[in-house]
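Student: I'll drop the sequence and a predicted model, then ask my questions.
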Amino acid sequence: MDHIQKYLEAEGGHFAVEQERYGGSYRAIVCHRSACEFIFDNLEGDDLEGTQMQSFFWDNPLFPSATGNTTQEAIASLDAKLKVLYTFKQDQGARKWKAIPNFELKATHDCEDGEDQTQYDVSWLDIINDLDDAGRWFYEEAKEEATSSHRRDLHALINFKYTGDFLSLR
């Protein structure tokens, strides 16, 4: 749990492990608390909700979540994933660690005609908010609507190019 602990000390947020529906595998997540609640509520929901959430994870392995047959396996898998996703450096500030992403996940700001297009770093919570704002078929609907100007955080994740060490996440 070394990388999980460093991530939480660097980024804050919530660490959760729960068993998926029907006695399935365990899922471990580090993310904002409201994102964890949305994820687990859907994984534990009806067949449609559970399927939509699982489809999101299958399609987007960059998201900081992992599964295992036991809680220990899920935690170990998430810890290994965070090692790929981030480089952790000790920090002299209020937080003991700084999490430096080993990936670039950016979305475009809205801009007026004639303005230069700028980008911002996408957060995991904003990606989940893009899903939460969609309808009953939340992942399929949000994925269809995701463009560089609408549901742009999800769009950035869906279009992430898996190369180098990130190929191991697929």
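Tutor: Perfect, thanks for sending it.
Student: center of this protein, which residue is that?
Tutor: residue 63 (2.9 Å; C-alpha atoms, centre = their mean).
Student: how far away is the residue lying closest to residue 64 once chain neighbours are set aside from residue 39?
Tutor: Using C-beta to C-beta, 6 or more residues apart in numbering and skipping the chain neighbours, the partner closest in space to residue 64 is residue 30 (5.0 Å). Yep, even glycine has a C-beta here, placed from its N, CA and C like the rest. Residue 30 sits 11 Å away from residue 39, going by C-beta to C-beta, to the nearest Å.
Student: for the residue nearest to residue 64, what are its contacts?
Tutor: 4, 7-8, 11, 13-15, 64, 78, 82 (C-beta atoms under 8 Å, 6 or more residues apart in numbering).
Student: so it, which state does it fall into?
Tutor: strand (DSSP: H, G, I helix; E, B strand; the rest coil).
Student: looks to me like residue 16 is in a helix.
Tutor: No: looking at residue 16 with three-state DSSP, it is strand, so not inside a helix.
Student: any idea what it is bridged to?
Tutor: residue 29 (DSSP bridges).
Student: ok, it touching residue 40?
Tutor: Yes: between residue 16 and residue 40 there is a contact under C-beta atoms under 8 Å: 6.7 Å.
Student: what is in contact with those two at once?
Tutor: By C-beta under 8 Å, 6+ apart, the residues touching both residue 16 and residue 40 are residue 29.
Student: shouldn't residue 105 be in contact with residue 160?
Tutor: Yes: look at residue 105 against residue 160 with C-beta under 8 Å: they come within range, at 6.2 Å.
Student: what touches both of the two?
Tutor: residue 62.
Student: and the gap between the residue located most distally from the centre of the chain and residue 35?
Tutor: Most distant from the centre of the chain: residue 114, at 33.5 Å, with distances by C-alpha atoms, centre = their mean. Distance of residue 114 to residue 35, computed by C-beta to C-beta: 36 Å.
Student: check residue 169 too.
Tutor: Taken as C-beta to C-beta, the span from residue 169 to residue 35 is 19 Å.
Student: so for these two, which residue has more residues nearby?
Tutor: residue 35 (26 against 17; other C-beta atoms under 10 Å).
Student: that one: what's it in contact with?
Tutor: 14, 29, 124-125, 128.
Student: just the buried ones from those residues?
Tutor: 29, 124-125, 128 (16 or more other C-beta atoms under 10 Å).
Student: with those residues in mind, which one is nearest to residue 147?
Tutor: residue 128 (18.1 Å; C-beta to C-beta).
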